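Peer 1: requesting a structural model of the entry that follows:
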Amino acid sequence: MSQSIEYPAPRRDESAEDDYHGSVLKDPYKWMENPDSEETKNFVNEQNKISAPFINSCEERETIKKELTDLWNYEKYGCPHKEGSKYFFSKNSGLQNQSVIYVQDSLEAEPKVLIDPNGLSDDGTVSLRATSWCHDGSILAYGLSKSGSDWTTLKFRNVETGQDFEEEIEKVKFSGITWTHDNKGVFYGCYPDHDLSSATGKDTKSHENQKLYYHRVGTKQEEDVLCVEFTEQPKWMIGAQISDCGRYLFVMPSQDCKYNLLYFCDLESVAKDGIVAKFALTEIVTQFEADYDFVTNQGPKCVFHTNKGAQNFKLVTIDLANPTESNWVDLVPEGSDVLEWATGVAGDKLVTCYMHDVKNTMQLRDLSTGNESYSFPMDIGSVTGFSGDIRHKEMFYKFSSQITPGTIYHIDLAGAVPESKVLIQTKVSGFDSSQFKVEQVFFPSKDGTKIPMFITMRKDFVPDGSSPCLLYGYGGFSISLTPYFSPVHTFFVQHFGIMAIANMRGGGEYGEKWSNSGRQANLQNCLTDFQCAAEYLIASKYTQKEKLTIYGGSHGGMLVGACTNQRPDLYGAAISAVGVMDMLRFHKFTVGYAWVSNYGCSDVEGEFQNLLGISPLHNIKERDDCQYPAVLLLTADHDDRVVPSHSLKYIATLQNALNASTKQTNPLMIRVDTKSGHGAGKPTSKSIEEYTDLFCFLVKSLGIQYRK
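Peer 2: Okay, here's the model as predicted:
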C-alpha cells in the first residue's frame, strides 16, 4: 500500500564507534541505549506519533478489538495442585488483567480467593511472577513484578488467614523459591549489590554477583543468611532445588541459558544447628557440558534429567554416597524421542513426558526400575500443564492443541491402573473446533534437512495462493514450539487467513543435535529454515508473498529482523516484538551475557564475524530489486530482558537508510508501550490493545480483508 510518511531524523553521533578486533564500526544511535534521557524519550514519542495514527486509521479497528475481546473472554484455568491437605489453582474469568489464585479444601469444595493481583494496581500492571508453597501447604511465598520487569519482590501469605507476613524480600531476579521441609523458610537468589532504586525495569546495567540466601519467615531481610556465593564467577546465576525427602539441597549454577553445574549439601549435617552460615558444598559436576535437573529421590539415590551423553535426554540415578560420574546408573536410557521432563509421583512411580515430532506422549513408570507400566492416551497436541508429587496418589495434567483450548484431567494413581477423568473442559464462546483443521508438514531446508511446521486453517480453506498467512517462529535456546491454543492465532485464522508455526533448528524439538545445529556458528541455519518455510508456503499455494507476514518475539524478533534483511523480497510484512537487534552489544546489558550460549559473543574474534553477518542492526541496506516489507517493531519501556534500545536503534537505522528511497512505499514503524516489559505478566487489556494494533497494521499495510 503506497504511503508518504515523513520519518523522524534523530541525531546521528558520528563519533560513536566500537573497535572489534581491528574493525571499527560506527554506532551513531548509541545514545538511545540510555532509556531515561530526554532525547530518547522524545524519539519514542515521535515514533509513536507516526505509528499510532496510522494504526488507528484502520476502519475496522473497533470491530477487530471488539471481536478479539469477545474471543478472549473465556475462563482460563491452570492445573490444580495439592499442597498439604488443600488444593490450589489459578483462574482467569475471561478478561481479568491477571489470573487469580484460589484455594479449596477438596476438589468438590467451594473455591476461595487466596491472592487476587488485580487489586494491587489500577491498571493491572502488578503481576504474580513466582509462587511456592511450603511443605505442609500452610504458607505461600509469592513474587510480585511491576510493569513487566524481571525484578520481583517476595512476600509470604498465611493460607488459613489470608494475611501476609510483614517482611518483603527485594532485589530478587531469575530466582526460584525453595522451601525447607520444616516449613520455616526459603532459599532464594538475589543481587545484593544492586541499587534498589534501579530495580524497576528501566535500568540496563549488566547484572553481577547473584547470591543464594536463606530467609526465615517472620524475620527481616537484613537477617537472612548468605548460604552460597561464587565470588570468582560474578556472572553465575544460582539455582537451588531440595530433595523430595527434604534432606539434600542441590545447587545448580549456570552462566548461560544452556548447561549447569551440580553441587549438593546434606542439610542434616551442615544445618544440624539451624541455617546460620555459608554451606560447604560437595561437587558432582564442575564443567558446563550438559543440563541437569533434579527429578526425585529415594534416600541418597537421586534421579536427574540430563543430556549428558544423551542428545535426546535420559534419566540417571546418582548415589550421593558416591556421586562420581563413573558410578551413575541409567534409570531411563536415551530413546529416539526427546525426554522433555520427568517427576516422581505416588511414592514409587515416575511420570515421563516425551516429544515425538513436536507432539507429546506421557508415561507412568516404576521408580526403582524405570520400566514403563502405562501410557496415557493422548490426541495430537501438548501437555501444557502438570502437577504431581511423590507424596500424593493423584496428579493433574492439561492438554492443548491449536484447536483444543485446554482440557484438564485428574488422574487417580491409587489402583493398579491409573483412572482418568476430565476435571475441566475449556469452552470458548464463538469458537467451534469442528470448523478448523491442523496439518503438520515437513519441508526441506536449503541443505535438505526436513523441518516440521504446523499449519492451522478453516476447513473451507482452498490452497489457491490468495490467502493471507501469519508465519510464526522462534528456533533458539532449545525452546520447542509445541501445539497450543492461542486466541490471537485463532482470531487470525477465523478472520484473515492461515496460521503457520515453523519448528526451525536451534529449538529443542529434536534434542541437543537439533539445538546445536541452529546456534552460535550454526545460527544461520535457523534463519534459512524460516526463509524456506516461507518459500514452501508460497510454492504450495497456501499464500502469496504479498500476503505473507513473518512474526516472532525476543529471539524470534531477531529472527524476523535478520530474515527481513536477508530476504526482503519474500514477505509482505514483518513484525518483530522485543527483538535482539544489536548482536554485537547485547551481552553488555542486564542479563544479555547469558545469551552467549546461543549467539556467541563479539568479544571473541572468531565469533564476531558470524554475528556481524547476521545482526539485524548491522545488515540494513537499500535493495535495487525490491523494497523492504511493511515493518512493525514492538517494544516496551520496562523491558529489562531485551532492552528497548535494540528496537529503537534498528528502526532509526532502517528509516534513515530507506527514507530517501523512491521505491520504499511500505511503512517502517515502531510501537513503544509504556509500563510493560518483555511480555510476562502483561495485563489482558494491554495484550488485547497490542494485538488489535498488530492486526490493524496488517490490514492497513497489506490491504488484507477482515472477514466476519
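Peer 1: switch to C-alpha atoms for all contacts and neighbour counts from now on
Peer 2: OK.
Peer 1: the chain: helices as residue ranges?
Peer 2: Here the chain has its helices, by DSSP state H, at 38-56, 61-72, 267-270, 487-495, 511-516, 523-539, 555-566, 596-599, 605-614, 645-658, 684-702.
Peer 1: could those be laid out in CSV, adding mean neighbour count?
Peer 2: What follows is the helices of the chain, written out as CSV (neighbours: other Cα atoms under 10 Å):
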stretch, mean neighbour count
helix 38-56, 16
helix 61-72, 17
helix 267-270, 14
helix 487-495, 19
helix 511-516, 22
helix 523-539, 22
helix 555-566, 26
helix 596-599, 21
helix 605-614, 17
helix 645-658, 22
helix 684-702, 20
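Peer 1: save those helices as a markdown table, and put in mean pLDDT and distance to residue 463 too.
Peer 2: Shown next, in a markdown table, are these (pLDDT from 0 to 100; distance: least, Cα to Cα, whole Å):
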| stretch | mean pLDDT | distance to residue 463 |
| --- | --- | --- |
| helix 38-56 | 96 | 29 |
| helix 61-72 | 97 | 25 |
| helix 267-270 | 94 | 63 |
| helix 487-495 | 97 | 14 |
| helix 511-516 | 98 | 30 |
| helix 523-539 | 98 | 10 |
| helix 555-566 | 98 | 25 |
| helix 596-599 | 96 | 36 |
| helix 605-614 | 97 | 33 |
| helix 645-658 | 97 | 34 |
| helix 684-702 | 97 | 19 |
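Peer 1: make CSV out of those and add distance to residue 666.
Peer 2: What follows is the helices of the chain, written out as CSV (distance: least, Cα to Cα, whole Å):
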stretch, distance to residue 666
helix 38-56, 12
helix 61-72, 20
helix 267-270, 63
helix 487-495, 22
helix 511-516, 35
helix 523-539, 19
helix 555-566, 13
helix 596-599, 30
helix 605-614, 23
helix 645-658, 10
helix 684-702, 7
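Peer 1: which one of those helices lies closest to residue 99?
Peer 2: Nearest to residue 99 among the helices of the chain is helix 684-702; the distance by Cα to Cα comes to 9.5 Å.
Peer 1: which elements pack onto that closest one?
Peer 2: With contacts defined as 3 or more Cα pairs under 8 Å, 6 or more residues apart in numbering; DSSP states H and E, helix 684-702 has these neighbours: helix 38-56, helix 61-72, strand 573-577, strand 630-636.
Peer 1: what about 10 Å?
Peer 2: Counting contacts by 3 or more Cα pairs under 10 Å, 6 or more residues apart in numbering; DSSP states H and E, helix 684-702 is packed against helix 38-56, helix 61-72, helix 487-495, strand 548-553, strand 573-577, strand 630-636, strand 668-673.
Peer 1: how close does residue 599 sit to residue 529?
Peer 2: Separation of residue 599 from residue 529 (Cα to Cα, to the nearest Å): 17 Å.
Peer 1: of all the helices of the chain, which one is nearest residue 283?
Peer 2: It's helix 267-270; of the helices of the chain, that one is closest to residue 283 (Cα to Cα) at 14.9 Å.
Peer 1: got the helices and strands packed on helix 684-702 as JSON lines, with distance to residue 363 columns?
Peer 2: Shown next, in JSON lines, are those (distance: least, Cα to Cα, whole Å):
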{"stretch": "helix 38-56", "distance to residue 363": "48"}
{"stretch": "helix 61-72", "distance to residue 363": "33"}
{"stretch": "helix 487-495", "distance to residue 363": "30"}
{"stretch": "strand 548-553", "distance to residue 363": "33"}
{"stretch": "strand 573-577", "distance to residue 363": "37"}
{"stretch": "strand 630-636", "distance to residue 363": "40"}
{"stretch": "strand 668-673", "distance to residue 363": "43"}
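Peer 1: which of those sits closest to residue 245?
Peer 2: That would be strand 548-553 among the helices and strands packed on helix 684-702, by Cα to Cα, at 39.9 Å.
Peer 1: from the contact counts, what lies against the closest one?
Peer 2: strand 469-473, strand 498-502, helix 523-539, helix 555-566, strand 573-577, strand 630-636, helix 684-702.
Peer 1: switch to 7 Å and redo it
Peer 2: Applying 3 or more Cα pairs under 7 Å, 6 or more residues apart in numbering; DSSP states H and E, we find strand 548-553 packed against strand 469-473, helix 555-566, strand 573-577.
Peer 1: and the first one, C-alpha only, in PDB?
Peer 2: Presented in PDB, the C-alpha positions along strand 469-473 are these (Å, rounded to 0.1, in the frame of the first residue of the first chain):
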ATOM      1  CA  CYS A 469      -0.700 -16.100   6.200                       C
ATOM      2  CA  LEU A 470       0.900 -15.300   9.500                       C
ATOM      3  CA  LEU A 471       4.100 -17.300   9.800                       C
ATOM      4  CA  TYR A 472       5.500 -17.500  13.400                       C
ATOM      5  CA  GLY A 473       8.900 -18.800  14.500                       C
END
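Peer 1: pLDDT of it, averaged?
Peer 2: Averaging pLDDT along strand 469-473 gives 98.
Peer 1: quick one: contacts of it?
Peer 2: With contacts defined as Cα atoms under 7 Å, 6 or more residues apart in numbering, strand 469-473 is touched by 497-503, 543, 547-552, 556.
Peer 1: how does it look with 8 Å?
Peer 2: With Cα atoms under 8 Å, 6 or more residues apart in numbering as the test, strand 469-473 has contacts from 492, 496-504, 530, 534, 542-543, 547-552, 556, 559.
Peer 1: how about the strands in the stretch 201-350 of the chain?
Peer 2: 211-216, 225-228, 237-242, 248-254, 262-266, 282-285, 292-298, 301-306, 314-319, 329-332, 338-345, 349-356 (DSSP state E, counting those that start in this stretch).
Peer 1: got TSV for those, with mean neighbour count and distance to residue 137 too?
Peer 2: Formatted as TSV, these follow (neighbours: other Cα atoms under 10 Å; distance: least, Cα to Cα, whole Å):
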stretch	mean neighbour count	distance to residue 137
strand 211-216	23	16
strand 225-228	18	23
strand 237-242	24	16
strand 248-254	21	20
strand 262-266	20	24
strand 282-285	16	30
strand 292-298	21	19
strand 301-306	22	24
strand 314-319	23	29
strand 329-332	18	31
strand 338-345	23	17
strand 349-356	22	22
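Peer 1: thanks a lot, catch you later.
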